[in-house]
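Visitor: The amino acid sequence is not available; the structure is as follows:
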């Protein structure tokens with residue numbers, strides 16, 4: 001049975017953009033600047049701090065990105081990647097312009113030396129080192145003789161310039177990031193000052209949620225007091241029923257019956273000879289390759305395999321077959337299979353390790369190897385003696401002495417079949433028992449070889465038939481989907497009730513964003529997301545979508561507008577906070593003025609202890625992360641007891657039993673430098689995120705994609 005795959009053809013539209021750029025370098029042996037201008041054509045895909053981004057220019061960049069990465073990335077992923085870069089370039093570009101940050105030729109060269117571009121052989125001299133002159137000459141050659149490569153380089157060059165500017169910008173900021181010795185001392189003390197406590201805790205969980213009343217207005221007030229924490233983007237909720245095109249039990253049985261019939265001989269009438277011909281079945285066929293070509297979804301794989309390479313669930317059974325025997329039909333994944341043992345090779349796969357001692361002039365020898373052939377042989381013989389000694393670990397011997405690429409793996413060459421290695425190596429590997437160690441000379445040098453393992457290998461012919469839905473099953477599915485769609489749109493019964501009545505599973509998907517494309521259980525479904533965000537799609541709207549393997553009947557269940565969350569939307573996160581606050585107030589009100597022992601006794605809880613707590617690691621054993629409680633403890637003197645403290649998991653009362661100050665150091669420069677480096681590494685992310693958060697960005701992508 002042949003399986004046909006759909007071949008998608010994509011037409012790429014190339015649009016030449018003439019745009020004004022801050023920096024455009026055209027290299028013809030040297031960097032020279034050229035002005036590239038361009039007007040905005042069509043609508044804007046975005047507006048970033050008042051600057052419009054033309055949809056035509058944006059699409060051009062998406063096309064260019066598509067050519068670079070190929071078909072491995074989905075179109076929407078590319079759109080989002082280009083979008084993120086466009087936003088970044090625009091926001092940072094404003095900073096570069098305000099600060100007068102530019103990039104000169106020498107800076108570009110210096111930057112290239114620190115990137116992967118320096119590893120391009122075309123930019124390197126004979127010693128494999130990045131050579132600025134070689135780099136310039138290569139670009140000049142591309143301009144004259146390879147226009148396509150040169151045009152691609154110009155795009156790459158823009159990226160390099162942007163990266164170089166970013167590096168300069170962030171280096172300027174990092175230069176202003178520091179830490180004083182006093183800050184270093186504080187950081188040291190926060191990590192090393194210790195406190196021991198005894199405490200009692202009334203957990204919030206001791207009070208039932210049902211006893212705490214929280215109103216809608218309470219939630220609304222909390223949201224308004226914490227607006228930054230409860231912002232939301234445009235989003236949608238949907239629910240859907242998936243009618244998947246999959247084989248029924250009857251379809252599965254039919255496939256099994258068809259593949260079973262291939263075992264036996266069949267008799268067919270031959271009109272040309274006017275007689276019946278006997279067609280040999282899989283059990284008796286003399287030409288396995290031709291038989292599988294006619295009757296299987298997959299061709300005959302002639303490669304011998306060891307047991308580990310056979311289907312895991314059936315490996316033991318298949319490996320135990322005698323030559324000519326057949327196993328099956330059996331179900332493996334979405335296929336029915338018949339497997340026939342064609343041939344076996346005992347010990348046909350060998351696992352070996354070796355230590356290669358190369359010499360000057362040997363094939364593929366590292367240029368740094370200067371020993372003579374005689375010296376190599378002498379060293380190899382010494383290593384052979386060492387390898388045969390009791391207690392020697394061959395892996396370590398190979399790692400420390402081998403000149404081969406397998407040295408890092410302890411000389412391990414893995415499993416290989418006969419004929420894979422050069423003849424002398426091959427003969428030793430297959431002519432000796434497991435555990436044997438010997439010396440062999442090849443064109444590569446001298447090999448100390450150890451035979452680690454041997455495995456039998458098998459040549460198995462397998463007929464496969466995919467379990468596919470029949471035409472009858474597909475037609476029934478279409479009818480069921482259509483019926484459910486019509487009845488749900490009619491509205492006599494709610495979507496959920498109708499699905500339950502028909503025993504269909506309803507899958508909810510919440511908070512879908514406008515530029516999402518993947519839906520759980522369905523994969524890429526951009527059309528459903530676009531429908532959900534269409535202005536004409538109202539809450540409760542229902543629509544059918546044809547998907548790759550069936551149909552989806554979807555219903556829009558909620559819309560969320562950009563801005564502050566409504567009390568209903570925020571209740572899931574706000575309710576626990578307000579309940580905890582009210583429980584804390586209730587506990588504190590009932591226990592104010594009590595001593596530690598009385599607090600514990602009256603609430604039927606135990607007094608516990610915790611030692612060596614630090615501000616940097618404020619975890620109390622048995623209670624969890626409690627920074628406020630630990631911080632309060634550090635503010636107390638020894639033997640002093642705190643007031644009631646509202647913690648993360650309950651209300652605490654703490655008595656400090658011991659305080660241990662960190663040993664004073666002569667100098668805290670190490671900690672100051674560590675702080676400086678730590679702060680410096682955060683600059684790139686935090687500065688850009690702050691700029692982005694403060695930017696005015698109007699995103700129109702969903703209009704076009």
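Guide: Nice, thanks for sending it over. Just so you know, these numbers come straight off a predicted model, no measurement behind them.

Visitor: List the buried residues of stretch 569-584.
Guide: Neighbour counts over stretch 569-584 (16 or more other C-beta atoms under 10 Å) mark 569-571, 574-575, 578-584 as buried. (Each C-beta comes from the backbone N, C-alpha and C, glycine too.)

Visitor: what sits against the residue nearest the centre of the chain?
Guide: Centroid check for the chain by C-alpha atoms, centre = their mean gives residue 73 as the closest residue, at 13.1 Å. Residues near residue 73 by C-beta atoms under 8 Å, 6 or more residues apart in numbering: 66, 81.

Visitor: Now do the same for it: its pLDDT.
Guide: For residue 73, the model assigns a pLDDT of 72.

Visitor: do residue 527 as well
Guide: So, for residue 527, pLDDT stands at 93.

Visitor: Following element in sequence after the helix or strand containing it, please.
Guide: In the assignment (DSSP states H and E), residue 527 maps to helix 526-533. Using DSSP H and E, the helix or strand that directly follows helix 526-533 along the chain is strand 542-547.

Visitor: Packing partners of that following strand?
Guide: Judged by 3 or more C-beta pairs under 8 Å, 6 or more residues apart in numbering; DSSP states H and E, the packing partners of strand 542-547 are helix 471-490, helix 526-533, strand 550-560.

Visitor: List the strands paired with it, with their directions.
Guide: If you go by DSSP bridges, strand 542-547 pairs up with strand 550-560 (antiparallel).

Visitor: how far is the partner strand from where the chain is centred?
Guide: The chain centroid and the centroid of strand 550-560 are separated by 28 Å, computed with C-alpha atoms, centre = their mean, to the nearest Å.

Visitor: quick one: buried residues of it?
Guide: 550-558, 560.

Visitor: With stretch 57-69 instead?
Guide: 57-66.

Visitor: farthest pair in the buried residues of stretch 569-584?
Guide: 569 and 584 (25.3 Å; C-beta to C-beta).

Visitor: burial of residue 132, as a residue count?
Guide: 15 (other C-beta atoms under 10 Å).

Visitor: how far away is it from residue 110?
Guide: Between residue 132 and residue 110 the computed distance is 9 Å (C-beta to C-beta, to the nearest Å).

Visitor: same check, this time on residue 552
Guide: Distance, residue 552 to residue 110, using C-beta to C-beta: 55 Å.

Visitor: What helices and strands are in contact with the helix or strand where residue 294 lies?
Guide: Here residue 294 sits within helix 288-295, counting by DSSP H and E. Judged by 3+ C-beta pairs under 8 Å, 6+ apart, the packing partners of helix 288-295 are strand 445-466.

Visitor: mind showing which ranges of the stretch 151-300 of the chain have poor pLDDT?
Guide: Counting by pLDDT under 70, the stretch 151-300 of the chain shows no low-confidence range.

Visitor: what about the helices in it?
Guide: For the stretch 151-300 of the chain, the helices defined by DSSP state H, counting those that start in this stretch occupy 181-192, 216-225, 249-261, 288-295.

Visitor: Minimum distance to residue 361: which of the ones you listed has it?
Guide: With C-beta to C-beta as the measure, helix 288-295 is the member of the helices of the stretch 151-300 of the chain nearest residue 361 (45.9 Å).

Visitor: right, and the helix or strand after that closest one?
Guide: The helix or strand immediately downstream of helix 288-295 is strand 305-306, counting by DSSP H and E.

Visitor: in its sheet, what does that next one sit against?
Guide: strand 445-466 (antiparallel).

Visitor: State the mean pLDDT of the partner strand.
Guide: 96.

Visitor: wait, what's in contact with residue 574?
Guide: Applying C-beta under 8 Å, 6+ apart to residue 574 gives the contacts 219, 222-223, 230, 567.

Visitor: What residues sit buried inside stretch 677-684?
Guide: Neighbour-count burial for stretch 677-684, counted by 16+ other C-beta under 10 Å, picks out 680, 683.

Visitor: So which residues make contact with it?
Guide: Under C-beta under 8 Å, 6+ apart, the answer for stretch 677-684 is 170, 173-174, 177, 179.

Visitor: Backbone torsions only: list them for residue 356.
Guide: Residue 356 adopts backbone torsions of phi -90, psi 130, taken as degrees, to the nearest 10.

Visitor: Tell me which residues touch the nearest residue to residue 168 once chain neighbours are set aside, please.
Guide: In this structure, residue 168 finds its nearest non-sequential neighbour in residue 101, 5.5 Å apart by C-beta to C-beta, 6 or more residues apart in numbering. Taking C-beta under 8 Å, 6+ apart, we find residue 101 in contact with 95, 165, 168-169, 172.

Visitor: if I look at residue 274, how far off is residue 265?
Guide: Distance from residue 274 to residue 265, by C-beta to C-beta: 20 Å.

Visitor: Looking at the two, which is more packed in?
Guide: Remark: of residue 274 and residue 265, residue 265 carries more neighbours, 12 against 7, as counted by other C-beta under 10 Å.

Visitor: The more buried one against residue 276, yeah?
Guide: No. Using C-beta atoms under 8 Å, residue 265 is not in contact with residue 276, being 11.5 Å away.

Visitor: end to end, how far does stretch 317-332 reach?
Guide: Terminal residues of stretch 317-332 are spaced 13 Å apart (C-alpha to C-alpha, to the nearest Å).

Visitor: do stretch 310-325 as well
Guide: Start and end residues of stretch 310-325 are separated by 16 Å (C-alpha to C-alpha).

Visitor: quick check: mean pLDDT across that stretch?
Guide: What stretch 310-325 shows for mean pLDDT is 95.

Visitor: partner residues bridging residue 196?
Guide: Beta bridges link residue 196 to residue 658 when assigned by DSSP bridges.

Visitor: My read is that it contacts residue 658, right?
Guide: Yes. Contact criterion C-beta under 8 Å: residue 196 and residue 658 qualify, at 4.0 Å.

Visitor: out of those two, which sits in the more crowded spot?
Guide: residue 196 (17 against 12).

Visitor: ok, now which ones touch the more buried one?
Guide: Residue 196 touches 609-613, 656-660, counting by C-beta under 8 Å, 6+ apart.

Visitor: Could you tell me which of those are located in strands?
Guide: Among the contacts of residue 196, DSSP state E puts 609-613, 656-660 in strands.

Visitor: just the buried members of those residues?
Guide: 610, 613, 656, 659.

Visitor: Out of the contacts of residue 196, the closest to residue 88 would be?
Guide: Nearest member of the contacts of residue 196 to residue 88, counting by C-beta to C-beta, is residue 613, at 42.2 Å.

Visitor: what is the closest one paired to in the beta sheet?
Guide: With DSSP bridges as the rule, residue 613 is bridged to residue 195.
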